[in-house]
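J.: turn this into a model:
(one chain, ligands or ions: 1)
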Amino acid sequence: MEHTANIPNTKRLLIWGAGDQGTVALDCALATKKYSRIDFLDIREKGHRQIPGYRIYEEAKENINTLLPSYDEVIVASGSNYLREKKIAQILAAGVPLATLIHPTAVISPSARVSKGCTILANAVINSNAYVGIGCIVNTNAVVEHDCLAEDYVNICPQVSMGGHAKIGRRSFIGIGSTILDHITVGRESIVGAGAVVIRNVPDGVTVVGVPAKRRL
Ligand SMILES: CC(C)(COP(=O)(O)OP(=O)(O)OC[C@H]1O[C@@H](n2cnc3c(N)ncnc32)[C@H](O)[C@@H]1OP(=O)(O)O)[C@@H](O)C(=O)NCCC(=O)NCCS
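T.: As a prediction, this is how the structure comes out:
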């Protein structure tokens, strides 16, 4: 039997992204009690906000190829699916482990799979046989029901409900409080507006809004 209670937390985490999502990732990382040190690296395209008590490196001034490997794990904290994919590619190219942040109040079925580089926030539920791809965000109180599939770099906002067997394509954004009915597929690089109820499949690269959700031209 493995005993972990007395293992000291010696891992150093770099949060790449020092904006709003960065502070959310910080809270989540602290709640895991896995890290002895946490620093930030801002995202060049975004800049940074003040985060009192924490060191913030600036991407524009740093040599990323030496900075990244000086940490045990790196997580990318940005709501932009495009930027998460871009920065995660750099982390993987540098051979540095991607962190996966899972808030201790999240409930994840033993049969579900959460890939590396994901951030799973407070009270999120990922039910049996669901799969969440690389670099996804499953935000506060979101429910990813049994047998759902979220491809890589998807952003599932707070209070989203996905019914069983629903699918979300790569780099899609599912707005706050929206509902995706069971067995429905949202294509790749699509946007589901806040509060939408998606009752029919959504093709790639479109925005849908409303109840029931309709394509916004
Ligand atoms: C759908 C969305 C991406 C559209 O953004 P946008 O392209 O800037 O759209 P606009 O604000 O210019 O609105 C365009 C039209 O769509 C309507 N609209 C926008 N969002 C809508 C929504 N969620 N539901 C219903 N209608 C919506 C607007 O009323 C407007 O209608 P009109 O042309 O008749 O006046 C955005 O409104 C949205 O819902 N984003 C999700 C935000 C979110 O979940 N944030 C959480 C972060 S954790």
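
J.: so which residues on this structure come close to the ligand?
T.: For the chain, the residues in contact with the ligand (C-beta under 6 Å from any ligand atom) are 139, 157-158, 175-176, 191, 193-195, 207, 209-210, 216. C-beta here means a position set from N, CA and C on the backbone, and glycine is covered the same way.

J.: any chance of those in a markdown table, plus secondary structure, distance to Leu83 and pLDDT?
T.: A markdown table is the format used below for the residues of the chain next to the ligand (DSSP: H, G, I helix; E, B strand; the rest coil; distance: C-beta to C-beta, whole Å; pLDDT from 0 to 100):
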| residue | secondary structure | distance to Leu83 | pLDDT |
| --- | --- | --- | --- |
| Asn139 | coil | 16 | 98 |
| Cys157 | coil | 16 | 98 |
| Pro158 | coil | 20 | 98 |
| Gly175 | coil | 18 | 98 |
| Ile176 | coil | 19 | 98 |
| Ile191 | strand | 16 | 98 |
| Gly193 | coil | 21 | 98 |
| Ala194 | coil | 21 | 98 |
| Gly195 | coil | 25 | 98 |
| Thr207 | strand | 19 | 98 |
| Val209 | strand | 24 | 98 |
| Gly210 | coil | 28 | 98 |
| Arg216 | coil | 24 | 90 |
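
J.: pLDDT below threshold where in this protein?
T.: The chain contains residues with pLDDT under 70 at 1-8.

J.: would you mind measuring from the residue positioned nearest the centre of the chain to Gln159?
T.: What sits nearest the mean C-alpha location of the chain, by C-alpha atoms, centre = their mean, is Ile137, with 2.0 Å. Ile137 sits 13 Å away from Gln159, going by C-beta to C-beta, to the nearest Å.

J.: do Asn201 as well
T.: According to C-beta to C-beta, Asn201 stands 22 Å off from Gln159.

J.: of these two, who's got more company?
T.: Per other C-beta atoms under 10 Å, whichever of Asn201 and Gln159 has more neighbours is Gln159, with 18 against 11.

J.: where's that one, which helix or strand?
T.: Gln159 belongs to no helix or strand when assigned by DSSP states H and E.
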